[in-house]
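K.L.:
Build me a structure from this.
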Amino acid sequence: MDRRFFLKAGITGLSLPTLVACNSDNTTIASGTSSGNNVTPAEVADPLINSTAAFPWGVASGDPTAHEVILWTAVAPANDTVTQIPVVLEVVRVNAAPEDSSTWAALFEQGNVQQLGEFLAVKARDFTVKVDLGNQALYAGTPFAVGEMTPLPANQTLLYRFKAGSQRSRIGRAKTLPDGQVQQVRFATMSCSNLPAGFFSVYDMVRREALDFVVHLGDYLYEYGTGGDTLSRNGVARTPQPPREMVNLTDYVQRHQQYKRDPELQALHATHPMIAVWDDHEITNDAYKDGAENHQADEGDYAVRRTIAIRTYFNWMPLRERFSRNANTFEPDPREVIYRDFQIGDLCSLIMLDTRIIGRDQQASIAAVDPDRFNPDRNLLGLEQRRWLSDRLYAAKQTNSIWTTLGQQVMFGQLNLLELPQLKVLDQSLLGNIAAVNMDQWDGYVAERNRVFNMIKDIGIDNLLVLTGDIHTSWAIELFENPMSVIGGTALQRSLGVEVVTPSVTSSGFPDEVADLVSAALPVLNPHIKYSELKTKGFALLEMSRTALTVTWKYAQSVTDEALIGVENEGMRKTLTVPVGTNRFQGGLPSIR
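P.N.:
All right, here's what the predicted structure looks like:
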């Protein structure tokens, strides 16, 4: 198949300029004709779809730019013999749509409904559909059966839904990013949502916030096959589907479908655009580029498993794809990656990284003190992604972005058990981070972190913000090359940025009986850590302006009580600010200045 056509059509779920459908009188109508009924009639499409619920997995939007946004859905087929289903997108542009979705139907019906399509939901893509709305270049020359692709204005709110036959999906709300001189942007970060571990109360809290977008930092789902037996809703237990560790294609698809049926996750996707990256559990625990801690020999070839996981993730998540699919298998191109960047006017360059799959060498094998973590030949990003990051940091500097933000998976700042003041001999860092807690995070890849620190210094990045998930706990960290340089009342090095670590949605943190004790003890060897909360589920709300960053950690009252879904423990809120030009938190533990 011609690559240009497939790039335009294949990554969106196949645009339908060539579909020929049967009419009720057994004549045919060619989609794309100039007049009359130029989309597939309902009586032709209805036998292809589930008769009671064609869109059980809802809708989602993602990867917004100033003029484009990905719109996603998945269609349930009538039976196993169906191979493709025609779908039409319906869109209404509005000035604003409140977080309360009960008003959206009225706004949708009162507005100017624009139809676009048809698109094909095909079996080889699990009947998922993506439309890159507003991307005229991608669809140039595509003769849509109905409507045409037009550009979207910056900061545009729109309501959308999909139609298959006589059935329509729920309504979703999406929004493009602001452009030009941007005064403020508001977004939330979250990670680690293990469905059997609790209800997605945190997602319901996030849904209620007035946001420009949300950032999911990984572990969107988990591969494990146990748990959830004691939690149920409407008589349905939160046990994993299938009830075993996901290993093959059927397993991964079924697990994604189970998560997308969760009412709180589905409502979140319908309310805010999501910018997402995977961590390890989307594949399997403690993954790296050619293996994983939770992959055993009797589970088959790891490379095959990883390919299946990546293929399923790209199908079921609302993220933009760079390359056309394989014309015969619909598998993602092997060059497909999740690291990518977004520009929010002149306010923020948001750079999303993959610290898990594309370049990571295996974790150091000896806890805390393995000398291999200092090995300069070991990678976390990999050479290609590291070069790309350098280019993006340089571009952020050239465009004078006020904030430069790295969205990534594992803790970047040091988490020390033992640290000495750092020395440099022949341009090599010595001593410093002697014993660290976790070999899976950047502490296990010291040379790679130093390379990133050097990029930041050499390019002259100001106001660096690192966003992190993975560790199931909340942290505010100031980024020093050697945190012990602030001991004794004087900071011998300047802070190169700040890190905000978001708590988990449901996954367990420290045990209650030790969490507070550990938080109190941490600053002794970690004076750069200005806040930690190690046991409670929640999210981080970030309000970024031209003068300061305000971070508020918000926590759920419970993730195991159905009656408390979406209820915040307001007494636990913690707010810190980072004034522009300081790279230091205000409002945390007493800071040494």
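K.L.:
Just to check, Pro523 is in contact with Ile529?
P.N.:
Yes - contact criterion Cβ atoms under 8 Å: Pro523 and Ile529 qualify, at 6.0 Å. Any C-beta I mention is one placed from the backbone N, CA and C, and that applies to glycine too.
K.L.:
who has more neighbours, those two?
P.N.:
Taking neighbours as other Cβ atoms under 10 Å, Pro523 and Ile529 compare with Ile529 leading, 24 against 16.
K.L.:
Quickly note the distance from the more buried one to Ser201.
P.N.:
Distance of Ile529 to Ser201, given as Cβ to Cβ, to the nearest Å: 27 Å.
K.L.:
repeat for Glu264
P.N.:
For Glu264, the distance to Ser201 - Cβ to Cβ - is 7 Å.
K.L.:
Overlap of the contact sets of those two?
P.N.:
Ile565, Gly566 (Cβ atoms under 8 Å, 6 or more residues apart in numbering).
K.L.:
who has more neighbours, the two?
P.N.:
Between Glu264 and Ser201, counted using other Cβ under 10 Å, the more crowded position is Ser201 (26 against 20).
K.L.:
residue ranges of the strands in the stretch 201-350 of the chain, please?
P.N.:
Counting by DSSP state E, counting those that start in this stretch, the stretch 201-350 of the chain has strands at residues 213-216, 232-233, 236-237, 274-276, 287-288, 291-292, 340-344, 348-352.
K.L.:
neighbouring contacts of the third one?
P.N.:
Applying Cβ under 8 Å, 6+ apart, the external contacts of strand 236-237 come out as Gly228, Asp229, Thr230, Leu231.
K.L.:
which ones are touching the third one?
P.N.:
Spelled out, that is Thr230. Applying Cβ under 8 Å, 6+ apart to Thr230 gives the contacts Ala237.
K.L.:
pLDDT wise, what is it at?
P.N.:
Here the pLDDT value assigned to Thr230 is 93.
K.L.:
Val518 falls within a helix, correct?
P.N.:
Yes - looking at Val518 with DSSP: H, G, I helix; E, B strand; the rest coil, it is inside a helix.
K.L.:
Tell me, how many residues neighbour it?
P.N.:
Neighbourhood size, Val518 [other Cβ under 10 Å]: 14.
K.L.:
Which other helices and strands does the helix or strand containing Ile70 contact?
P.N.:
Using DSSP states H and E, Ile70 sits within strand 69-74. Strand 69-74 is packed against strand 59-62, strand 128-133, strand 157-164, strand 172-175, with contacts defined by 3 or more Cβ pairs under 8 Å, 6 or more residues apart in numbering; DSSP states H and E.
K.L.:
Identify the residues contacting the nearest residue to Asn112 once chain neighbours are set aside.
P.N.:
Spatial nearest neighbour of Asn112, excluding adjacent residues (Cβ to Cβ, 6 or more residues apart in numbering): Val92 at 6.5 Å. Residues in contact with Val92 (Cβ under 8 Å, 6+ apart) are Leu107, Phe108, Gly111, Asn112, Val113, Gln114, Leu158, Leu159, Tyr160.
K.L.:
which among the residues you listed gets closest to Glu478?
P.N.:
Leu158 (39.3 Å; Cβ to Cβ).
K.L.:
I figured Ser504 hits Lys537, correct?
P.N.:
Yes - shown here, Ser504 and Lys537 form a contact pair, counting by Cβ under 8 Å, at 5.7 Å.
K.L.:
These two: who's more crowded?
P.N.:
When Ser504 and Lys537 are compared for neighbours, Lys537 comes out ahead with 31 against 27, by other Cβ under 10 Å.
K.L.:
tilt between the longest strand along the chain and strand 69-74?
P.N.:
Looking across the chain with DSSP state E, the single longest strand is strand 84-94. On the basis of axes from the mean of the first three to the mean of the last three Cα atoms, to 10 degrees, strand 84-94 is oriented at 140 degrees to strand 69-74.
K.L.:
avg pLDDT for strand 84-94?
P.N.:
Averaging pLDDT along strand 84-94 gives 97.
K.L.:
what's the answer for stretch 583-593, then?
P.N.:
64.
K.L.:
Please enumerate the strands of the stretch 451-593 of the chain.
P.N.:
464-468, 474-478, 498-501, 529-533, 538-545, 548-555, 574-579.
K.L.:
just so I know, which of these lies nearest Ala364?
P.N.:
That would be, of these and by Cβ to Cβ, strand 464-468, which comes in at 19.3 Å.
K.L.:
Paired strands for that closest one, with orientation please.
P.N.:
Its sheet considered, strand 464-468 pairs with strand 403-407 (parallel), strand 498-501 (parallel) by DSSP bridges.
K.L.:
For the residue nearest to Lys289 when sequence neighbours are not counted, give me its contacts.
P.N.:
Computed as Cβ to Cβ, 6+ apart, the closest residue to Lys289 that is not its neighbour in sequence is Arg360, at 5.3 Å. Listed by Cβ under 8 Å, 6+ apart, the contact partners of Arg360 are Ala287, Tyr288, Lys289, Asn379, Leu380, Leu381, Gly382, Tyr445.
K.L.:
on that earlier part again, just the buried positions in the longest strand of the chain, please.
P.N.:
Gln84, Ile85, Pro86, Val87, Val88, Leu89, Glu90, Val91, Val92, Val94 (16 or more other Cβ atoms under 10 Å).
K.L.:
what's the spacing between it and its chain's center?
P.N.:
24 Å (Cα atoms, centre = their mean, to the nearest Å).
K.L.:
what does stretch 67-82 give?
P.N.:
Centre to centre, stretch against its chain (Cα atoms, centre = their mean), the figure for stretch 67-82 is 20 Å.
K.L.:
Same check on stretch 115-133?
P.N.:
What separates the centre of stretch 115-133 from the centre of its chain is 21 Å, taken as Cα atoms, centre = their mean.
K.L.:
now the end-to-end length of that stretch.
P.N.:
12 Å (Cα to Cα, to the nearest Å).
K.L.:
Which positions in it come out as buried?
P.N.:
116-122, 125-133.
K.L.:
Closest one to Ala556 out of those, please.
P.N.:
Ala556 has its nearest neighbour among these in Thr128, at 29.9 Å by Cβ to Cβ.
K.L.:
hmm, back to that, will you turn the helices and strands packed on strand 69-74 into JSON lines that also has distance to Arg373 and mean pLDDT?
P.N.:
Converted to JSON lines, the helices and strands packed on strand 69-74 look like this (distance: least, Cβ to Cβ, whole Å; pLDDT from 0 to 100):
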{"stretch": "strand 59-62", "distance to Arg373": "34", "mean pLDDT": "98"}
{"stretch": "strand 128-133", "distance to Arg373": "39", "mean pLDDT": "97"}
{"stretch": "strand 157-164", "distance to Arg373": "46", "mean pLDDT": "98"}
{"stretch": "strand 172-175", "distance to Arg373": "42", "mean pLDDT": "98"}
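K.L.:
Bridge partners for the residue nearest to Asn112, pull those for me.
P.N.:
Leu159.
K.L.:
what does Val129 give?
P.N.:
With DSSP bridges as the criterion, Val129 is bridged to Thr73.
K.L.:
my guess is it meets Phe119, correct?
P.N.:
Yes - using Cβ under 8 Å, Val129 is in contact with Phe119, at 5.2 Å.
K.L.:
what sits against the spatially most central residue of the chain?
P.N.:
By Cα atoms, centre = their mean, the chain has its centre lying nearest to Ala276, at 1.2 Å. By Cβ under 8 Å, 6+ apart, Ala276 lies in contact with Gly62, Val215, His216, Gly218, Tyr220, Met317, Pro318, Leu319.
K.L.:
how close does the spatially closest residue to the fourth one that is not a sequence neighbour sit to Glu499?
P.N.:
Distance criterion Cβ to Cβ, 6+ apart; nearest residue to Gly218, sequence neighbours excluded, is Asp279 at 2.7 Å. Applying Cβ to Cβ, one obtains 16 Å for the distance of Asp279 from Glu499.
K.L.:
Does Asp251 touch Pro242 like I think?
P.N.:
Yes - using Cβ under 8 Å, Asp251 is in contact with Pro242, at 5.7 Å.
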